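J.: below is the structure, and that's it, no one-letter string:
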DNA sequence: TTGTATGCGTTATCAG
DNA sequence: CTGATAACGCATACAA
């Protein structure tokens, strides 16, 4: 690998000058700068960012923790992140935590050792013990679509309570009285918020909250299938289900059709996220939209701002969710 | 940030001993090792992998280039990659090239500067000028699901010719004589192979190859929609379409329904990849399956092998595609 | 078993 | 404008 030393030797000058020229410093004569650049190109020089990072104390990389990169919601976030990071020449270290707290901890530790400049946490659960350490270590991080116990941190989320309310109100207005909720993992704040909002709306509307119809499950299709099977194979079952997210909703949809429950004829379904597959003509899932790509963009942008200007205030952005009514919901039959 | 110096000072010993202890070297007394570990933990020491990388000459990170992380095929690959990299404590630098050759070049350069130990290229086009440089620089790389002009490289692919043949033969056997092909980008080998195979099967079966029915488009839903609109809004149009990949096929499906062409009644559709959404009850897309997650796993595993044992031979793995017949294909009506 | 010295490739400080 | 030197944090060859 060719280094600045090689370039310096080639030209009989010092490495300092080479380094400066390569950073386009004004402290070097245009003429010599040109020479250096020419030799650098000829030799195929590629600056060692590792060495640079070591001395500059900034690695030019951010860590992105997602529970499941195959979930379009998160791959959308990743796309937004990559898009912006790209422009800055920063690297994005992808970590797939699989929703497991132990993996998450390991990854945070790995990211710290790799000296990332900041962390994008799309995978945080309510008990995120590492946040404390991160703050102590002054490593900037930002929660994306996930809140935790502590409020004095930066985050970009959508209002899950409002979103869930939108979903359930929609079902209520359609005349549904037997509404189920298949939630995400219990240790995810967004999950709990949606659950609470679901309950609140029912109560507020004078509808009964049937415990067996409100369950935490998971953000996967499999979880949706499992929960739906349990809920829908009972003799008496809900006429509408609000699912934790679109992927889960797709699982519910699958089971419904399996059981001969036509959607939306016999069962209405509402999802959450508005992943691109939700809008397919054959699917037409009613859902609550979150601007995933944009959330990713906002989060990294802020992270970079915070890196340049260390005294930038906390970013706490709560985006508004939007109900997208499509064809998996219909008036309740009587 | 706490360094080995801090630990050394704390214990009144040398940094070498600390370094050794932290690497669990046998050259240090168990007793002192324990002390060092204890202090390290107490101080919250996190090894600086950047510094370590600099001296060891290996960064513990691989670069993953994908054209579009939101395409489930690639996020599946990414999941496989992350899963294995995880276990080794390696980092995965995600690069979303957006299918653009210039981005790709920039990313490769960035990855080189970041001194990745190897590259996973899911985004290579036929003309991949940087491969030459990578080989010269002795940076291991492996093409995943993408081939280029040169054959003397490592790759994990599925047999695109066989896959496309499977798809088209399936349609022919169903009695279709007017079969269209909406391909991916022309500069992608997989795209060309599928196109060639498509043509070959038609010719071999004595069917006419209508130029207007065989077009390169792109691997996105939008590309699928656009091409399908052009192809299907003609007075005379194919009774079956083989699409470059599932995402494209979904776009075709969308347009078909828009135009009132029932699928598979009036139009049969075959996709490629078998992304998870292809199997949804409402979709039931007939497609050619590629084991994406497994391909990701194989690729990184090999990369790591190659890093440990520099003289490992080239890996050239051609997996067999598998036709998955579902409900978007039906016998041709007469 | 431990310590000393040196180097990895770069940038920054300080002279000149 | 340029150069010598130190430093970033760690690993290792060589001594002891």
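T.: Received it, and whenever you're ready, just let me know what you need. Please read all numbers here as calculations on a predicted model, not as lab measurements. Numbering: from 1, shown residues only, chains lettered A, B, ... in the order given.
J.: any idea how far residue A:199 is from the residue in the stretch 151-300 of chain A that DNA strand C sits nearest to?
T.: Ranking the residues of the stretch 151-300 of chain A by distance to DNA strand C (CB to the nearest atom of the strand) places residue A:300 first, at 22.9 Å. Placement of C-beta: from N, CA and C, glycine included. Going from residue A:300 to residue A:199 by CB to CB, to the nearest Å gives 35 Å.
J.: circling back to that earlier point, so the residue of the stretch 151-300 of chain A closest to DNA strand C is in which element?
T.: Assigned by DSSP states H and E, residue A:300 belongs to helix A:292-308.
J.: please apply the same query to residue A:17.
T.: Applying DSSP H and E as the criterion places residue A:17 in helix A:15-22.
J.: does DNA strand C sit close to that helix?
T.: Yes: applying CB under 7 Å from any atom of the strand, one finds helix A:15-22 touching DNA strand C at A:15, A:16, A:19, A:22.
J.: list the buried ones in that helix?
T.: Of the residues in helix A:15-22, those with enough neighbours to count as buried (16 or more other CB atoms under 10 Å in any protein chain shown) are A:17, A:18, A:19, A:20, A:21, A:22.
J.: repeat for stretch A:190-202
T.: Applying 16+ other CB under 10 Å to stretch A:190-202 flags A:190, A:191, A:192, A:193, A:194, A:195, A:197, A:198, A:199, A:201, A:202 as buried.
J.: now the residues you listed as a markdown table including distance to residue A:236 and pLDDT?
T.: Listed next are the buried residues of stretch A:190-202 as a markdown table, based on distance: CB to CB, whole Å; pLDDT from 0 to 100:
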| residue | distance to residue A:236 | pLDDT |
| --- | --- | --- |
| A:190 | 29 | 95 |
| A:191 | 25 | 96 |
| A:192 | 26 | 96 |
| A:193 | 28 | 96 |
| A:194 | 24 | 97 |
| A:195 | 21 | 97 |
| A:197 | 24 | 97 |
| A:198 | 19 | 98 |
| A:199 | 19 | 97 |
| A:201 | 21 | 97 |
| A:202 | 16 | 97 |
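J.: and the helix holding residue A:17, what does it pack against?
T.: Judged by 3 or more CB pairs under 8 Å, 6 or more residues apart in numbering or on different chains; DSSP states H and E, helix A:15-22 is in contact with helix A:4-11, helix A:30-43.
J.: and the ones you listed as CSV, adding mean neighbour count, distance to residue B:164 and mean pLDDT?
T.: Shown next, in CSV, are these (neighbours: other CB atoms under 10 Å in any protein chain shown; distance: least, CB to CB, whole Å; pLDDT from 0 to 100):
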stretch, mean neighbour count, distance to residue B:164, mean pLDDT
helix A:4-11, 17, 48, 96
helix A:30-43, 14, 42, 96
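J.: between the ones you listed, which one is closest to residue B:51.
T.: Among the helices and strands packed on helix A:15-22, the nearest to residue B:51 by CB to CB is helix A:4-11 (18.5 Å).
J.: from the chain's centroid, how far away is the closest one?
T.: Centroid separation for helix A:4-11 versus its chain: 45 Å, with CA atoms, centre = their mean, to the nearest Å.
J.: pick out the residue of the stretch 51-200 of chain A closest to DNA strand C.
T.: In the stretch 51-200 of chain A, the residue that lies nearest DNA strand C is residue A:51 (3.4 Å; CB to the nearest atom of the strand).
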